[in-house]
Every structure is written in C-alpha cells, then in structure tokens.
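Engineer: Make a model of this:
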Amino acid sequence: MSEESRMITELDEHGVLLITMNRPRKKNAFDDRQWDALAEALSEADADPRVAVVVLTGAGGNFSSGADLSGMGEARTEPRSDGHASGFFACEAKLLAFEKPLLTAVSGVAVGGGCTIALASDITYVGHSLRARLPFANLGLVPEIGSSYTLQASIGRQRANELMFTAEWIDAERAIELGMAARALPDDELLGATLAKAREIAQWPTSALVAIKRTMNEVHKVAIAAALEIEHVEMSKQAGSPENIEAIRAFIEKRPPDFRQFRK
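Structural biologist: Sure, this is the predicted structure:
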C-alpha cells in the first residue's frame with residue numbers, strides 16, 4: 001500500500017492479519033479519518049474467512065498518541081448516506097464487537113485512545129519503551145471505549161481509580177505489575193513475538209477461536225454496554241466545556257493547564 005494509507009494490512013499464510021496504524025508523523029493520532037480507517041480494517045478482517053487472528057500495532061515506534069488534539073473541536077461522528085455513524089463511535093463499536101482474537105503490540109506512546117484500544121484487545125504485549133497514559137482528567141474529559149469498565153476488570157477498582165484520577169504515566173514494568181499487559185519485551189523483539197503468538201493461536205479452528213472469545217466476553221457484555229452508555233452521556237457534557245477548552249489550549253500552547261480558575 002502507499003505511504004498515504006492510514007492502515008497498512010498484511011495477511012500471512014498462517015491466517016494472521018497485521019494491521020499497522022500508519023500516521024507516524026502524528027504518532028498515529030486519531031482524527032475521524034483514522035478512526036474510520038481502523039473500523040474499516042477491522043470490519044474487513046472479521047468478514048474475511050482467510051483471517052483467523054489480528055495483530056494491531058503502530059508505525060514509527062509509537063502505538064498511538066490518542067485523539068488528534070488539533071481537531072478536538074470537530075465532531076466525533078459524521079453523517080453518512082447509509083445512516084450509520086462514522087468516526088470514533090463507529091470504531092469504538094467495531095472494536096468492542098470484533099469477533100476474532102485481537103492482539104496488540106504496543107511500544108512508545110499509548111495515550112488516551114491508544115491506551116483504551118489496547119485495553120479493549122484480547123492480549124497486549126508491550127515494548128520496554130512504553131509510555132502509556134489515561135489523560136482524561138487532565139483533558140477535562142471522561143474515559144472512552146468502555147475503559148471505565150475494562151480497566152477495572154483488568155487491574156481492579158482501586159488501581160483503576162488511581163490511574164484515572166491522576167492521569168499518571170505508566171511504563172512497561174508498571175503495566176506488567178498492574179496487569180494491563182501479558183508480556184513486556186525489548187522493542188526490537190516486540191512485533192516478532194506478538195506475531196509468533198498470533199500464529200500459535202491461528203493454528204486452531206477459527207470457529208473455535210470465535211466461540212471461545214464469545215464465551216470469555218459474554219459475562220462482560222452487560223457491564224461494557226452500561227459503561228459505554230454513561231461514558232457517552234458524560235463525554236457529551238465534558239467535551240467543549242471550559243475546562244476541556246483550557247486543557248486543549250494549554251496543550252497547543254505547551255503550558256500546564258490552569259483549572260483553578262474554574263473553582264472561584
């Protein structure tokens with residue numbers, strides 16, 4: 001594919017599809033086009049009988065820096081002729097409904113949506129260069145992609161609250177300690193090890209893998225649906241709020257945000 005492709009896809013003879021988020025100059029940040037491209041790649045993978053397992057990674061040494069803050073003022077959905085949502089919400093829905101095993105190889109920056117995508121995957125391997133963050137408090141926002149539930153399910157309520165409230169940075173060692181990832185590896189071994197694990201999984205019948213994933217996830221479906229509902233309600237309140245606008249301005253101006261002004 002051309003360098004302009006937002007997602008580069010490579011299917012090997014084992015039935016493993018590698019999807020590479022390809023916006024390296026922006027640290028694979030997400031605008032609506034990027035969300036659409038990932039949703040389309042996942043939809044095609046689910047529909048393709050040749051694909052048994054998917055590995056998702058990022059180009060340029062970073063997984064994803066999350067939302068492209070230069071476009072945070074834009075809508076997260078756009079109307080389409082078929083009446084379906086596009087952008088963030090379409091991708092969020094596809095990620096959480098994806099039927100086949102989804103592995104993530106996460107190195108470098110994994111912030112916001114970059115981190116919550118990994119939390120929504122089935123197995124996450126991280127590189128030693130990992131710098132992950134859930135910066136929703138820092139941006140005057142709330143969790144997304146069901147992470148208000150998936151983070152708690154992965155690491156427990158107390159630790160999840162600590163990460164959400166503080167928006168602290170998480171390195172590879174801490175991610176393993178918390179239970180946010182299965183393995184940490186040197187960056188130059190990360191993708192190879194993740195693909196090797198995907199091929200190990202792909203030797204089994206796709207129907208069995210899909211059924212196993214369905215049974216593993218069924219117990220969480222109601223909780224994730226409830227999490228998404230409240231996330232959408234609270235995001236609609238917080239996005240564009242004075243605090244959120246101050247956070248974005250501070251980011252663009254490369255200064256710390258001043259939220260004390262709103263407590264008077």
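
Engineer: Quick one: low-confidence residue ranges for the stretch 1-150 of the chain.
Structural biologist: Residues of the stretch 1-150 of the chain meeting the criterion pLDDT under 70: 1-4, 71-85.

Engineer: can you give me the helices in it?
Structural biologist: Per DSSP state H, counting those that start in this stretch, the stretch 1-150 of the chain carries helices over the ranges 32-47, 87-97, 113-120, 147-155.

Engineer: Pick the most deeply packed of those helices.
Structural biologist: Neighbour counts (mean count of other C-beta atoms under 10 Å) averaged over each of the helices of the stretch 1-150 of the chain peak at helix 113-120, with a mean of 26. All C-beta atoms are positioned from the backbone trio N, CA, C, and that covers glycine.

Engineer: Distance from it to the middle of the chain?
Structural biologist: 3 Å (C-alpha atoms, centre = their mean, to the nearest Å).

Engineer: Could you list the residues in contact with that helix?
Structural biologist: Counting contacts by C-beta atoms under 8 Å, 6 or more residues apart in numbering, the residues outside helix 113-120 that touch it are 28, 30, 56, 58, 62-67, 88, 95-96, 102, 104, 106, 110, 124, 132-134, 143-147, 150-151, 154, 180-181.

Engineer: Mind giving me the PyMOL command for buried ones among these?
Structural biologist: Provided next is the PyMOL selection string for whichever of the contacts of helix 113-120 are buried by 16 or more other C-beta atoms under 10 Å:
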select buried, resi 28+30+56+58+62+63+64+65+66+67+88+95+96+102+104+106+110+124+132+133+134+143+144+145+146+147+150+151+154+180+181
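
Engineer: With respect to residue 257, which of the helices of the stretch 1-150 of the chain lies nearest?
Structural biologist: In this view, these are compared for proximity to residue 257 by C-beta to C-beta, and helix 113-120 is the closest at 19.4 Å.

Engineer: got the CA coordinates for the closest one in PDB?
Structural biologist: Provided in PDB are the C-alpha atoms of helix 113-120 (Å, rounded to 0.1, in the frame of the first residue of the first chain):
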ATOM      1  CA  GLY A 113      -7.500   6.200  22.800                       C
ATOM      2  CA  GLY A 114      -4.200   4.500  22.200                       C
ATOM      3  CA  CYS A 115      -4.300   3.000  25.700                       C
ATOM      4  CA  THR A 116      -8.000   2.200  25.700                       C
ATOM      5  CA  ILE A 117      -7.700   0.300  22.300                       C
ATOM      6  CA  ALA A 118      -5.100  -1.900  24.000                       C
ATOM      7  CA  LEU A 119      -7.500  -2.400  26.900                       C
ATOM      8  CA  ALA A 120     -10.200  -3.500  24.500                       C
END
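
Engineer: so that helix versus helix 87-97, what angle?
Structural biologist: Angular relation of helix 113-120 and helix 87-97 on a 0 to 180 degree scale: 20 degrees, by axes from the mean of the first three to the mean of the last three C-alpha atoms, to 10 degrees.

Engineer: got the angle between helix 113-120 and helix 147-155?
Structural biologist: Computed with the same axes, to 10 degrees, the direction of helix 113-120 lies at 50 degrees from that of helix 147-155.

Engineer: Just the angle for helix 113-120 relative to helix 32-47, thanks.
Structural biologist: If you take the same axes, to 10 degrees, helix 113-120 sits at 20 degrees to helix 32-47.

Engineer: quick one: contacts for residue 244?
Structural biologist: Counting by C-beta under 8 Å, 6+ apart, residue 244 touches 72, 139-141, 238.

Engineer: I figured residue 138 hits residue 250, correct?
Structural biologist: No: under the criterion of C-beta atoms under 8 Å, residue 138 makes no contact with residue 250, lying 9.2 Å away.

Engineer: Need the overlap of contacts for those two.
Structural biologist: residue 257.

Engineer: So which residue is dead centre in this protein?
Structural biologist: residue 117 (1.6 Å; C-alpha atoms, centre = their mean).

Engineer: Buried residues in the helix ranked longest in the chain, which are they?
Structural biologist: Taking DSSP state H as the assignment, the helix of the chain that covers the most residues is helix 221-238. Of the residues in helix 221-238, those buried under the neighbour-count criterion (16+ other C-beta under 10 Å) are 224, 227-228, 231, 235.
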